[in-house]
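# This is the structure alone, sequence omitted:
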């Protein structure tokens, strides 16, 4: 089937993506995202949602797309290329000019003035660069110290105390404001399920520095593939879960539930990961299933 003799409306394409994301995740309405944002991992559009996206794009632009091509388009950038490739079979000079401008340029030109404002204000000063370099040096130094003492400490209670002190040391040396409130609600003799939002790789460090009660983090299974990191996390009592294999994930939940029933305090990041976007991502149910069963 030949491509329709129309020029794809890129603004409409982006509007369709944002509209669908807003329906799937209401707190992300009118979200501005980059051309390389992953539709599933970062915007939460699974295979069924992308099938719906294909239908909406076809309806909005008046074209017929290959569902397999749309399913393989993991980012807005690649989805735009699918649309442009479909149209290029009978392009006019105007469409060819639009294609020559490139997906990045067309997409970025449609995101509005918020992106332009960021471009003028996002350049860090020399002082910020120096502070970032200092923080990285502290992170590497304290991180290596933590790895050594936690891996070598013979008793779990020692490992937890040393990790707690190393976390405090990192925050102190980076001049990070830090205050803990409500710790009295966590009892040493009672198991708890702690649920926290996930904003950066520092979340685990901050929670470890904040709490001196025995805790067990739940971490994504991909981290276990990194040998030095796995050695550290296993010695710290971290439990790994498979986020993508439903059968294995259910088995992981049962294993963690038994630990909670046995009196262990479990720390979950129910979003499962973090992105550069503000706000909460959709929760995975493991933390709440564990709490209900425990």
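Received it, and whenever you're ready, just let me know what you need. Computed from a predicted model, the values in this text were never measured in an experiment.

# contacts, neighbours, all on C-alpha from now
OK.

# Which residue ranges of the chain form strands?
Here the chain has its strands, by DSSP state E, at 193-195, 215-220, 239-241, 265-268.

# and the last one, how far out from the chain's middle?
So that's strand 265-268. Per CA atoms, centre = their mean, to the nearest Å, the displacement of strand 265-268 from the mean C-alpha position of its chain is 19 Å.

# What helices and strands are in contact with it?
Under the contact criterion of 3 or more CA pairs under 8 Å, 6 or more residues apart in numbering; DSSP states H and E, strand 265-268 touches strand 193-195, strand 215-220.

# With the first one instead?
In terms of contact count using 3+ CA pairs under 8 Å, 6+ apart, strand 193-195 is assigned the packing partners strand 265-268, helix 286-293.

# need the least confident one among these, by mean pLDDT.
Comparing mean pLDDT across those, the weakest is helix 286-293, with a mean of 56.

# Can you identify each of the helices in this structure by residue range?
Secondary structure of the chain, counting by DSSP state H: helices at 10-24, 47-61, 67-72, 76-87, 93-100, 103-108, 113-121, 126-152, 156-173, 203-210, 227-235, 246-261, 286-293.

# tell me, how many neighbours does residue 148 end up with?
If you count neighbours by other CA atoms under 10 Å, residue 148 ends up with 12.

# That one and residue 163: what is the separation?
Residue 148 sits 10 Å away from residue 163, going by CA to CA, to the nearest Å.

# Could you do residue 169 as well?
10 Å.

# Between the two, which is the more surrounded one?
residue 163 (23 against 15).

# so what's that one closest to, chain neighbours aside?
residue 146 (6.2 Å; CA to CA, 6 or more residues apart in numbering).

# show me the residues around the one you found that make contact.
When contacts are counted by CA atoms under 8 Å, 6 or more residues apart in numbering, residue 146 touches 162, 163, 166.

# export those to CSV and tack on pLDDT?
Shown next, in CSV, are the contacts of residue 146 (pLDDT from 0 to 100):
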residue, pLDDT
162, 94
163, 93
166, 95
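
# Return the member of those nearest to residue 250.
Distance to residue 250 across these (CA to CA) is lowest for residue 163, with 29.8 Å.
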